[in-house]
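**Student:** how would this look folded up:
(one chain, ligands or ions: 1)
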Amino acid sequence: MSDVHNDEEPRVVLSARGLGKDFMGFTAVNNVNLDVHHARIHALIGPNGAGKTTVFNLLTKFLQPTRGQITLLGTDITKMKPDAVARMGLVRSFQISAVFPHLTVLENVRVALQRPAELHVQFWRSLGALDVLNGRAEVLIDELGLTPWRDVRAADLSYGRKRVLEIATTLALDPQVLLLDEPMAGMGHEDVHTVAEIIREVARHRAVLMVEHNLSVVADICHHVTVLQRGEILAEGDYATVAADPRVRTAYMGTEA
Ligand SMILES: Nc1ncnc2c1ncn2[C@@H]1O[C@H](COP(=O)(O)OP(=O)(O)OP(=O)(O)O)[C@@H](O)[C@H]1O
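**Tutor:** I've put the predicted structure just below:
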């Protein structure tokens with residue numbers, strides 16, 4: 001495994017206990033226990049239909065669990081609504097990029113920053129009204145290595161940079177826990193490397209939980225891996241541990257590794 005260490009003390013920021021979801025009698029997720037740590041990257045992997053997306057939907061409260069408990073930053077969020085959970089610092093970046101194509105990188109980040117600041121009205125009157133947010137926007141753009149593309153329209157960015165911009169807009173909400181749904185989906189080799197490095201950087205000061213099919217990325221940047229199969233946890237540990245588990249190889253990696 002390569003360099004995935006950083007300085008901050010690992011503490012649990014998001015946890016699930018006995019998490020389960022039934023869809024009309026079909027058990028999609030069952031007895032899932034998860035501990036997601038600050039300043040760590042945690043991967044959720046497993047074959048198609050294993051329940052990864054359902055777990056994400058349960059954690060972000062887009063779905064109400066049938067069983068179990070979810071705790072965010074010490075608060076029981078099991079019965080909370082998605083927007084309240086997002087305001088508490090659990091933010092999900094969707095698989096489909098949600099940036100405005102005709103706005104530049106800087107403008108997109110400013111729009112994202114003004115959401116929590118509730119400056120909508122001023123924004124739609126004039127982009128200049130957001131000048132006060134430029135400082136924070138520049139810092140975010142710099143953190144994500146987007147400075148050379150600051151004045152480029154989102155539509156003209158490469159696929160990978162668009163994904164980085166999408167992560168930047170998500171970070172504008174200042175999440176404690178960032179959920180990434182297949183951040184490498186549809187990307188070429190070079191973009192995968194760029195985005196992986198960005199995720200590593202982002203996770204220095206935040207928890208990241210990601211669903212990812214690209215196992216070399218998981219091996220490279222993730223500290224902890226949870227393997228799901230048919231809605232249940234099959235194995236967990238660092239990548240080397242789960243990759244060496246014969247049950248995992250049979251269930252999932254047999255065709256991949
Ligand atoms: N709303 C729903 N109603 C009924 N069944 C559902 C619903 N959502 C998911 N399922 C079922 O739950 C199981 C888990 O699906 P889920 O999408 O969570 O898996 P996944 O691991 O994310 O798969 P993939 O890698 O293909 O995205 C599947 O059998 C799926 O058909």
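**Student:** contacts for stretch 191-204?
**Tutor:** Residues outside stretch 191-204 that contact it (C-beta atoms under 8 Å, 6 or more residues apart in numbering): 4, 6-8, 39-41, 143-145, 158-161, 163-164, 167, 171, 178, 180, 183-184, 187, 208, 210, 214, 217, 220-221. All C-beta atoms are positioned from the backbone trio N, CA, C, and that covers glycine.
**Student:** need the contact list for residue 13.
**Tutor:** Counting by C-beta under 8 Å, 6+ apart, residue 13 has contacts 36-38, 72-73, 176-177, 207.
**Student:** hang on, it in a strand?
**Tutor:** Yes: with DSSP: H, G, I helix; E, B strand; the rest coil as the criterion, residue 13 is assigned to a strand.
**Student:** output the lowest mean pLDDT helix or strand found in this structure.
**Tutor:** The helix or strand of the chain with the poorest confidence is helix 120-125; it has a mean of 48 (mean pLDDT, DSSP states H and E).
**Student:** now do the following helix or strand past that one, average pLDDT.
**Tutor:** Using DSSP states H and E, the helix or strand that directly follows helix 120-125 along the chain is helix 134-143. Averaged across helix 134-143, the pLDDT comes to 88.
**Student:** how far away from the center of its chain is helix 134-143?
**Tutor:** 20 Å (C-alpha atoms, centre = their mean, to the nearest Å).
**Student:** C-terminal to it, what's the next element?
**Tutor:** That would be, after helix 134-143 and using DSSP H and E, helix 159-171.
**Student:** could you pull up the residues touching residue 183?
**Tutor:** Contacts of residue 183 (C-beta under 8 Å, 6+ apart): 93, 163, 167, 195, 199, 210, 212.
**Student:** in helices, which of the residues you listed appear?
**Tutor:** Using DSSP state H, the subset of the contacts of residue 183 located in helices is 163, 167, 195, 199.
**Student:** buried subset of these?
**Tutor:** Using 16 or more other C-beta atoms under 10 Å as the burial test, those include 163, 167, 195, 199 as buried.
**Student:** so which of those residues is the closest to the ligand?
**Tutor:** Sorting these by how near they are to the ligand, with C-beta to the nearest ligand atom, puts residue 163 at the top with 17.8 Å.
**Student:** the closest one against residue 182, yeah?
**Tutor:** No: counting by C-beta atoms under 8 Å, residue 163 does not reach residue 182; the two are 10.2 Å apart.
**Student:** secondary structure class for the nearest residue to residue 137 once chain neighbours are set aside?
**Tutor:** Nearest residue to residue 137 in three dimensions, chain neighbours excluded: residue 109, at 4.4 Å (C-beta to C-beta, 6 or more residues apart in numbering). Three-state assignment for residue 109 (three-state DSSP): helix.
**Student:** domain ranges for this protein?
**Tutor:** 1-89+177-188+204-257, 95-174 (automatic domain parsing).
**Student:** count the neighbours of residue 156 for me.
**Tutor:** Neighbour count for residue 156, taken as other C-beta atoms under 10 Å: 12.
**Student:** swap in residue 246?
**Tutor:** 9.
**Student:** with residue 200 instead?
**Tutor:** Neighbours around residue 200, by other C-beta under 10 Å: 18.
**Student:** ok so residue 228 is a strand residue?
**Tutor:** Yes: under three-state DSSP, residue 228 falls within a strand.
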